[in-house]
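**Q** Test case, fold it:
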Amino acid sequence: MKHPDLSTKEGRKAHRHEMRMIAVRPRRWGLWLLTAGFLLVLAPSALNMHSLFGLWPPMLGAICIMLGVPLLAASVVLKRRYLRQRVAGQAIVGRIRG
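**A** Residues are numbered from 1 along each chain as shown. You can find the predicted model right below:
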């Protein structure tokens, strides 16, 4: 895997893009579920809504939050693992060249 050259503007842009693309799906789903959960928790008092599809909105909100938090944690773990492997691979390449 080629490392971008951080001394150029294009290289820094490529590096930022690569870092943003790590674990996108779990992070995106986690944020959506967390947002939906908080909105469902606040919905009964804000909108005077006491039933959603025959279920209690705060309960649905709690379920969404409980599903969203592990996804966000998983995205953090995946990103740290990727970065650790990337740095380890860079150290090995340095030893081979050196």
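
**Q** alpha carbons only for contacts and neighbour counts from here, please
**A** Will do.

**Q** Phe43 touches Pro57, doesn't it?
**A** You called it Phe, but residue 43 is Ala. Yes - using C-alpha atoms under 8 Å, Ala43 is in contact with Pro57, at 7.0 Å.

**Q** which residues in the chain form strands?
**A** For the chain, applying DSSP state E gives no strands.

**Q** can you pull out the helices in it?
**A** Assigned by DSSP state H, the helices in the chain fall at 9-20, 24-47, 57-97.

**Q** Deepest in the core, which of these is it.
**A** helix 24-47 (a mean of 17; mean count of other C-alpha atoms under 10 Å).

**Q** That one to helix 57-97, inter-axis angle?
**A** 160 degrees (axes from the mean of the first three to the mean of the last three C-alpha atoms, to 10 degrees).

**Q** And the contacts of helix 24-47?
**A** Helix 24-47 has contacts (C-alpha atoms under 8 Å, 6 or more residues apart in numbering) with 49-50, 57-65, 67-72, 74-75.

**Q** low-confidence ranges in this structure?
**A** The chain contains residues with pLDDT under 70 at 1-4, 46-47, 49-53, 90-98.

**Q** Go again with 90.
**A** Within the chain, the segments meeting pLDDT under 90 span 1-24, 40-60, 79, 82-98.

**Q** what residue is smack in the middle of this structure?
**A** Central residue of the chain (C-alpha atoms, centre = their mean): Arg27, 2.2 Å from the mean position.

**Q** is it true that Asp5 touches Arg12?
**A** Yes - using C-alpha under 8 Å, Asp5 is in contact with Arg12, at 7.0 Å.

**Q** ok, now which ones touch Asp5?
**A** Gly11, Arg12.

**Q** switch to 6 Å and redo it
**A** Listed by C-alpha atoms under 6 Å, 6 or more residues apart in numbering, the contact partners of Asp5 are Gly11.

**Q** That one and Phe38: what is the separation?
**A** 41 Å (C-alpha to C-alpha, to the nearest Å).
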